[in-house]
Structure formats: structure tokens, C-alpha cells
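Undergrad: got a structure for you, letters missing:
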């Protein structure tokens, strides 16, 4: 029996119907098998830059520096098959339960660590530690490295750790940050950089937003933000903003794409909300028509979808991501003035955007929308509905950012982005229904 009476139609990123009459709880990250697979693989998948480790060792580039005299010229790529076999054997738990994907001729690997390693661990970093240690020992073993040079190989795989808390300059990496960098309970899945999402989905704005929205929503569940009545609230917001439920984001964007502005998206959204009976005309002032709603959670979902559409219309028109913070702010400001109803996330997106405008414009000392995440002190206050818009904006950016997705996150596209469930989450989640 469906937990909620709400049903939605799921549409693709190009406006084609994928599933109709979907019970709302079927898209929940607790229920939908594709969403659960995304979350599972996010924790268990580790990228290994094997070609990068060879180059780094040859030049003495270790961590984020260069140590002259510690160069090691090892034919790692000539021996990649043997090294991959050793990594697989060491990471295996029951034999054959480690999957290694090879990309770019084996220069890049994506290792899926057995679930048993995470089941038997307190935190998800058991995956990266197992792969980093196995990569280190596989190279040491393959080339019979002595005790005086083994630490150099270890530094190439692990980067600066444990000299540093995390692993800067490591040849082994995860899309997740280390647990110590999570700023509160349940923030792990919200601590993924915007540019990572952009590259994992091949710069497709709606797919990138869907992937970010899936993991941001899962994070909200993890941090206790989707309990009781707030579960329906989060699912509606996720459905309409992240998964293009009822084709709302697509319709609003298409209607305003050629000549529209943030203001015309507000008008289109209000017209659609009236037509769908989400809001009705309420009291009237001397010159102002207030609107009312009996379902504030559904109104929030519509507002969130409108925020996404306004982002794509505005940032898409300029092909620049920098306008995303002001779009988040002024779309919702206009929406509140137009209706008398609260903006997205009941005002928190607007509040987030004020700080985000300051911190993402390099005024404070450097930064851009692409390097933010939902764990950041500036952006975390919007519950799962700001970062997906930032991802869409950065996907539409034509190269105006100082920190481009290709510059910060190419390896995420070349490894995680080759897995279908990461690359096309909208279709996979619809299939999962």
C-alpha cells in the first residue's frame, strides 16, 4: 500500500514521459532501487589514477609537492594487468566480489569495493583505505620495492595523509570527502562538489541536477530532515525539482527559454500553480492580490521547480554559472512578492543565496559556484534544493569559471561518469519504480 496518496508522472530530461501514476514513495531513496544503487556505489566506488601514480613517482611529485631525490621510475602501466590483479585479490573478501573497471587504457580504474568491507566498518572510508593500501602494496610487491622506497610509493597512492587529515595529491580518490570534513550528522552525501556532479553527468544540466538532488535528498533522510510530515515535504521537493515530475521544470524552461527572464518564469509558475489548483486567490489588498494554499508542501515543490527553471533560463542565456546565486535569491524574492506565499524551502533558499552571492564571487578570497557543496557553511541551510540548481548552472556554463568542472573534476567524469546509474539518474530512477 502506498504511504502517500500523491502520484506523479516522471519525465526525461528531454520532456518525454517515462512513467505515469507513480506513487510518491516509490522515488524515495529508502525504496527506489536505482537511488539505493547510486548511494551504494557512491560509498563503495574508488577511483585509482594508475597512470598518474606512474608519472608522479617518476617526477617525485608526492602529495602536493615535489621531493627531489625521491623519484622512482617504475613501468607501472606496462605491468598494469598484474597490478590490477593484485589489487583485486587483496580487496576481495569472499573471492570475486571486487569489480574493477578500466578506462583510458587502464590509466584510470574505478574499484567497487565489496559490501562486506563497509558492513564491517564504522564509516564509509573503509573503501578508500582498502583500495589505497592495496594499490600501494600491489606496486611494492610487483617491483620488489625495498623498505627505503616503499614509503614513496605509499605517498603516491595516499597523498599527504597522515601528514594531513585528508589525502591531498593522492592517486586514489573518492567522490566522497573524508568523514572528518562533514560538518554535522548525516552530511556525507551532501559533501560532494558541484563540479563532480557536472562531470559525472556529462554537463547535462537536468541529469546533473537529478543526481545532486538524489544525494542531497538522501542526505536529508540521513540527517533526520525527512521524518514524519517532513518526509512528504522532502519527497515532493525532490520529485518536482530534481526528477522533473509532471514535466514541470521542462515546461517552464521551454516556455521561457528563448525570450524569458527570471520574472517571466515567476509568472509562468504562478499560472501553472493556479491551473493545477495548488494555490488559489486569497484576500485582496488595495492593489495587491494575495494567494493561499491548503498544501504548503506542494507549493514548496512548485517553488523549487520554478527555482530550477529560472536558473536554467537565466544562467543558460548567459552561459555563465556566476548568476546562480542571484537567481536563487531574486526568483524567490519576486515569487514572494507576487503571491504573498513563502519562497523555496520556506525562505531558506533566499537566505542561503544572500551568503552564497558573497562567497561565490571571489570577493572573500577566491571561489566559484563549482567548488561548493551542500556541506558548506554557506549552502547547507537550504535543505537539498539549492545545490541541484548550482549544478545545473555550472553544467550550462561555457567556461567562464576560474574553477572549471574539467579543471577540478575530470577524473570523476572519466570514472564514475562511465557508470550508467550516475550518468543518467533520471531514466534509471524511473526504471527503478
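TA: Alright, I've got the coordinates. Model, not experiment: these values are computed from the prediction.
Undergrad: From here on, just use CA atoms for contacts and neighbour counts.
TA: Fine.
Undergrad: Quick check: phi and psi on residue 289?
TA: phi -100, psi 110 (degrees, to the nearest 10).
Undergrad: Just grab the bridge partners of it for me.
TA: residue 284 (DSSP bridges).
Undergrad: what residues are up against it?
TA: Counting by Cα atoms under 8 Å, 6 or more residues apart in numbering, residue 289 touches 281, 282, 283, 339.
Undergrad: ok, now residue 177?
TA: 188, 191, 192.
Undergrad: Output those as JSON lines; include the columns neighbour count, distance to residue 239 and secondary structure.
TA: Shown next, in JSON lines, are the contacts of residue 177 (neighbours: other Cα atoms under 10 Å; distance: Cα to Cα, whole Å; DSSP: H, G, I helix; E, B strand; the rest coil):
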{"residue": "188", "neighbour count": "26", "distance to residue 239": "21", "secondary structure": "helix"}
{"residue": "191", "neighbour count": "25", "distance to residue 239": "21", "secondary structure": "coil"}
{"residue": "192", "neighbour count": "24", "distance to residue 239": "20", "secondary structure": "coil"}
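Undergrad: Out of the contacts of residue 289, which comes closest to residue 50?
TA: Nearest to residue 50 among the contacts of residue 289 is residue 339, at 55.6 Å by Cα to Cα.
Undergrad: Can you give me the pLDDT of the closest one?
TA: At residue 339, the predicted lDDT confidence score is 97.
Undergrad: That one contacts residue 291, doesn't it?
TA: Yes. If you go by Cα atoms under 8 Å, residue 339 and residue 291 touch, sitting 5.2 Å apart.
Undergrad: just the buried members of the contacts of residue 289?
TA: residue 339 (16 or more other Cα atoms under 10 Å).
Undergrad: Filter the contacts of residue 289 down to just the ones in helices.
TA: residue 339 (DSSP state H).
Undergrad: need the contacts of residue 289 in TSV with distance to residue 69, can you?
TA: Converted to TSV, the contacts of residue 289 look like this (distance: Cα to Cα, whole Å):
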residue	distance to residue 69
281	76
282	76
283	78
339	68
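Undergrad: And the contacts of residue 289, which two are furthest apart?
TA: Every pair of those checked by Cα to Cα; the farthest is 283 and 339, at 10.9 Å.
Undergrad: of the contacts of residue 177, closest to residue 12?
TA: The closest of the contacts of residue 177, once distances to residue 12 are taken by Cα to Cα, is residue 192, at 23.8 Å.
Undergrad: I'd like to know how far the residue of the chain most remote from its centre sits from residue 28.
TA: In the chain, the residue that sits farthest from the middle, by Cα atoms, centre = their mean, is residue 286; the gap is 45.6 Å. Counting by Cα to Cα, to the nearest Å, the gap between residue 286 and residue 28 amounts to 44 Å.
Undergrad: Over to residue 429?
TA: 10 Å.
Undergrad: The nearest residue to residue 14 once chain neighbours are set aside: what's it in contact with?
TA: Counting by Cα to Cα, 6 or more residues apart in numbering, residue 250 is the residue found nearest to residue 14 once chain neighbours are left out, at 7.5 Å. Taking Cα under 8 Å, 6+ apart as the contact definition, residue 250 lies against 13, 14, 15, 244, 309.
Undergrad: what's the spacing between residue 224 and residue 231?
TA: Taking Cα to Cα, one finds residue 224 at 10 Å from residue 231.
Undergrad: More neighbours: which of the two?
TA: residue 231 (18 against 13; other Cα atoms under 10 Å).
Undergrad: Surely residue 215 touches residue 190?
TA: Yes. The pair residue 215 / residue 190 is scored as a contact, 6.5 Å apart, by Cα under 8 Å.
Undergrad: What residues of the worst-scoring helix or strand of the chain on mean pLDDT count as buried?
TA: Every helix and strand of the chain was ranked by mean pLDDT, DSSP states H and E. The lowest is helix 348-359, at a mean of 89. If you call a residue buried by 16+ other Cα under 10 Å, then helix 348-359 has these buried ones: 348, 349, 350, 351, 352, 353, 354, 356, 357, 359.
Undergrad: Surely residue 168 and residue 64 touch.
TA: Yes. If you go by Cα under 8 Å, residue 168 and residue 64 touch, sitting 6.3 Å apart.
Undergrad: So for these two, which residue has more residues nearby?
TA: Neighbour comparison, residue 168 and residue 64: the larger count goes to residue 168, with 19 against 13 (by other Cα under 10 Å).
Undergrad: Now do the closest residue to residue 54 other than its chain neighbours, the pLDDT please.
TA: Nearest non-adjacent residue to residue 54, counting by Cα to Cα, 6+ apart: residue 76, 5.8 Å away. We note a pLDDT of 98 for residue 76 in this prediction.
Undergrad: Show me what the helix or strand where residue 129 lies packs onto, helices and strands only.
TA: Assigned by DSSP states H and E, residue 129 falls within helix 126-142. With contacts defined as 3 or more Cα pairs under 8 Å, 6 or more residues apart in numbering; DSSP states H and E, helix 126-142 has these neighbours: strand 45-49, helix 80-91, helix 115-119, helix 147-158, strand 172-173.
Undergrad: Figure out which of these is closest to residue 139.
TA: Among the helices and strands packed on helix 126-142, helix 80-91 sits nearest to residue 139 (Cα to Cα), with 6.5 Å.
Undergrad: And residue 198, how far from residue 52?
TA: For residue 198, the distance to residue 52 - Cα to Cα - is 22 Å.
Undergrad: same question, residue 45
TA: From residue 45 to residue 52 the distance is 18 Å (Cα to Cα).
Undergrad: Who are the contact partners of the residue nearest to residue 33 when sequence neighbours are not counted?
TA: Nearest residue to residue 33 in three dimensions, chain neighbours excluded: residue 432, at 5.4 Å (Cα to Cα, 6+ apart). With contact set as Cα under 8 Å, 6+ apart, residue 432 has these partners: 32, 33, 34, 35.
Undergrad: Determine the three-state secondary structure at residue 74.
TA: Following DSSP: H, G, I helix; E, B strand; the rest coil, the label given to residue 74 is coil.
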